[in-house]
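Asks: the sequence and its predicted three-dimensional model are supplied below.
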Amino acid sequence: MGVSLRRLRIYYLNNVQKSRLMLFCLAAGIAYFVFGSSLFSQKRATGIVRYKAENAVHRMTEEEIKQTLDSLQDTRPVACRDQAYDFTRMEVDESVSILTEFNGDSFYNLKLTLNSIVEHTPFDLYDEIIILDDGTESLEVRQHVATYLRNPKFSKVKVYRSEVAEGEAASRFKTTLLAKGTILVFVGGDSVVNHGWIQPLIAKVSDNEKLIAVPHADNLLSENRFYRTDELLVNVMTWSLSTVYANSREKQTEMLSSSVMRGDAFAVKKSFLTSIGNFDEHMKRNGGGHNLELSLRAWMCGGAIQVATCSRIAVHSSLRPQQVTSPFNFRRIAELWFDEYRDIVYQQGAVSSQTSEDESRAIELRRGYLHKHIADCKDFDWYLSNVASDIFSPSSDMKKFGKLGAKTNYCLRQTSHDTSELEMTLCRQHMFERSMIFEWNHQGWIFKGDQCLTALGADEGVALQPCQDGNQHQIWRQEDSKLSPMTSAHECLTQVTERDETNLDLSHHPKLRPCGKAEPRMQMWEFINY
């Protein structure tokens, strides 16, 4: 980890208090700096770059940015809007750095993020905004960066460049080292911060050395259309290592415990982040998983993650599950943190557990570093029992585990925890809903707890009943995506839609119907891995 910043050079600094003549002389004297100095490794380099102002490209006009920011709804609870924060209690030497990054054309999205930050953040609450250019090759984009950031409203912005693009994990690792602030606020380029967003984050982190404070995320759809999300949402992980949402069991509280975070934006003390090993900068670029890994490490090594309900941001496609797409990153997380549960993770994620020699060595180096520098980390059993208690693990005989859904995008759901009744509701893959999680084992049972899916007959449909060895009505087989009980191969599990004649509402239920006698997608089933 022994990373040095001695060779790091800033390539763009907007400071309206500096002499324009000094900047002109600096640019003229440099002319062009050949990237040869290393940043964090021999393959990484930064340098001072002369960006020309002419031919700058504008993808989003200032008017469009203003219209988007004006369209944001202030979704904070009413009590939050008048809440005053006393920052005089902060330590005298405490300061705030806001950190973000971009690569290539993503700067054009980052412009909206930057404008939301300067518009919705009190100027005296932060000391700097650090932007890391993660290896942008396009001279056109780099010229536009320099031109765009000359606006005096970006006077606290500093931009650094890494010659080689290495992804968000490595970029956040670097900006952590660059930041002067004692409180770090990370903001992703898909995020737009809203009114009063930063004050709750700073206040909570200032009071709790080991807290990662996360804002509530609303949704931005295509063309930056704003969509308000449900209140009291937190994040949870699935056994396939996706990060999804869940409804918090804590009600009407200022802070909600969250077992993981998406990482779109969050605040943390620099001292705590450094003490638990910073971001894992060796995660593969664009492979995902770095925020999930940091979440597990934070909880298991003495910290906590909480959603500050008074802090609001909007995120592009915030309801889309975050997935670990790189097998390298997937195995790295599984091997470092999941102990005896790693086989479940590999099966649910459909990822091979086989590692190359280099990959195994890298994992052992990381494990050795963590053991040496972080004391008293808990194991995954502790995490399941004390943090992610809503997540239950599949059995050792698991064949499939997750939501059981028809091709209609409706999934099986237990109507309440103490009933045998079942219904069909929208699958909502972005939500973890315990009432919709089922396991199918190699014996043929489709069950939840000690209750098995039981075929009652064509007229009565199906229900959950106590599992019984040898009960053929509880053993299911699948052929061509169709599910049938062993007692009746010609009958298939079918989504049946009925209309209530009194109020005309539609309801959806799982029943048995002759195979092939219903619309095909009503009889085609698959497990969505969770």
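Replies: All right, it came through fine. Residues are numbered from 1 along each chain as shown.
Asks: quickly note the distance from A217 to K269.
Replies: Distance of A217 to K269, computed by C-beta to C-beta, to the nearest Å: 22 Å. Placement of C-beta: from N, CA and C, glycine included.
Asks: same thing with H442?
Replies: 48 Å.
Asks: also K403?
Replies: 38 Å.
Asks: quick one: name whatever helix or strand follows the lengthiest helix in the chain.
Replies: For the chain, the helix that runs over the most residues, judged by DSSP state H, is helix 357-373. Using DSSP states H and E, the helix or strand that follows helix 357-373 in sequence is helix 380-386.
Asks: give me the neighbour count for R285.
Replies: R285 sits with 17 neighbouring residues when counted by other C-beta atoms under 10 Å.
Asks: that one contacts S162, correct?
Replies: No. Using C-beta atoms under 8 Å, R285 is not in contact with S162; the gap is 11.4 Å.
Asks: find the residues that touch each one of these two.
Replies: In terms of C-beta atoms under 8 Å, 6 or more residues apart in numbering, R285 and S162 are both contacted by the residues A170.
Asks: related to what we said a few turns ago, who touches the longest helix of the chain?
Replies: By C-beta under 8 Å, 6+ apart, the residues outside helix 357-373 that reach it are M1, G277, D280, H282, R297, F328, R331, R332, E335, L336, T355, C377.
Asks: in TSV, list those along with secondary structure.
Replies: Output for the contacts of helix 357-373, formatted as TSV (DSSP: H, G, I helix; E, B strand; the rest coil):
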residue	secondary structure
M1	coil
G277	coil
D280	coil
H282	coil
R297	helix
F328	helix
R331	helix
R332	helix
E335	helix
L336	helix
T355	coil
C377	coil
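Asks: remind me which helix or strand K399 belongs to.
Replies: According to DSSP H and E, K399 maps onto strand 398-406.
Asks: R76 - how many residues pack around it?
Replies: Neighbour number of R76 under other C-beta under 10 Å is 20.
Asks: so who does it touch?
Replies: N194, H195, G196, C310, R312.
Asks: surely the fourth one forms part of a strand?
Replies: Yes. If the criterion is three-state DSSP, then C310 is within a strand.
Asks: list the contacts for it?
Replies: With C-beta under 8 Å, 6+ apart, C310 has these contacts: R76, P77, C80, Q83, G196, Q199, P200, E254.
Asks: could you redo the last one with a cut-off of 10 Å?
Replies: C310 is in contact with 76-77, 79-81, 83, 85, 196-197, 199-201, 203-204, 215-216, 254-255, counting by C-beta atoms under 10 Å, 6 or more residues apart in numbering.
Asks: quick check: the nearest residue to R331 once chain neighbours are set aside vs F279, distance?
Replies: The shortest distance from R331 to any non-neighbouring residue, by C-beta to C-beta, 6 or more residues apart in numbering, is to T355 (5.7 Å). Remark: distance between T355 and F279 (C-beta to C-beta) = 21 Å.
Asks: those two: who's more crowded?
Replies: F279 (23 against 16).
Asks: tell me the secondary structure at F330.
Replies: Quick answer, by three-state DSSP: F330 is helix.
Asks: can you get me a residue count around it?
Replies: 25.
Asks: doesn't H290 make contact with it?
Replies: No. F330 lies out of contact with H290 (C-beta atoms under 10 Å); the separation is 11.8 Å.
Asks: any idea of the mean pLDDT for stretch 470-482?
Replies: If you average the pLDDT over stretch 470-482, you get 96.
Asks: where does pLDDT dip in this structure?
Replies: 1-58, 89, 91, 458-459 (pLDDT under 70).
Asks: so which residues of it form helices?
Replies: Counting by DSSP H, one finds helices in the chain at the ranges 20-30, 62-71, 78-81, 107-120, 139-148, 168-178, 198-207, 270-275, 290-300, 327-337, 342-349, 357-373, 380-386.
Asks: redo those as JSON lines? Include distance to R413.
Replies: Output for the helices of the chain, formatted as JSON lines (distance: least, C-beta to C-beta, whole Å):
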{"stretch": "helix 20-30", "distance to R413": "62"}
{"stretch": "helix 62-71", "distance to R413": "35"}
{"stretch": "helix 78-81", "distance to R413": "33"}
{"stretch": "helix 107-120", "distance to R413": "37"}
{"stretch": "helix 139-148", "distance to R413": "47"}
{"stretch": "helix 168-178", "distance to R413": "35"}
{"stretch": "helix 198-207", "distance to R413": "34"}
{"stretch": "helix 270-275", "distance to R413": "39"}
{"stretch": "helix 290-300", "distance to R413": "26"}
{"stretch": "helix 327-337", "distance to R413": "29"}
{"stretch": "helix 342-349", "distance to R413": "20"}
{"stretch": "helix 357-373", "distance to R413": "39"}
{"stretch": "helix 380-386", "distance to R413": "23"}
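Asks: I131: which of the ones you listed is closest?
Replies: helix 107-120 (7.5 Å; C-beta to C-beta).
Asks: can you give the distance from the closest one to the centre of its chain?
Replies: 20 Å (C-alpha atoms, centre = their mean, to the nearest Å).
Asks: and the contacts of C310, which are buried?
Replies: Neighbour-count burial (16 or more other C-beta atoms under 10 Å) is assigned, among the contacts of C310, to 76, 80, 85, 196-197, 199-201, 203-204, 215-216, 254-255.
Asks: so can I have TSV of these showing distance to I183?
Replies: Listed next are these as TSV, based on distance: C-beta to C-beta, whole Å:
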residue	distance to I183
R76	21
C80	20
Y85	13
G196	17
W197	14
Q199	12
P200	13
L201	8
A203	10
K204	10
P215	15
H216	19
E254	19
M255	17
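Asks: quick check: the farthest pair among these?
Replies: For the buried ones among the contacts of C310, and using C-beta to C-beta, no pair is farther apart than Y85 and H216, which are 17.0 Å apart.
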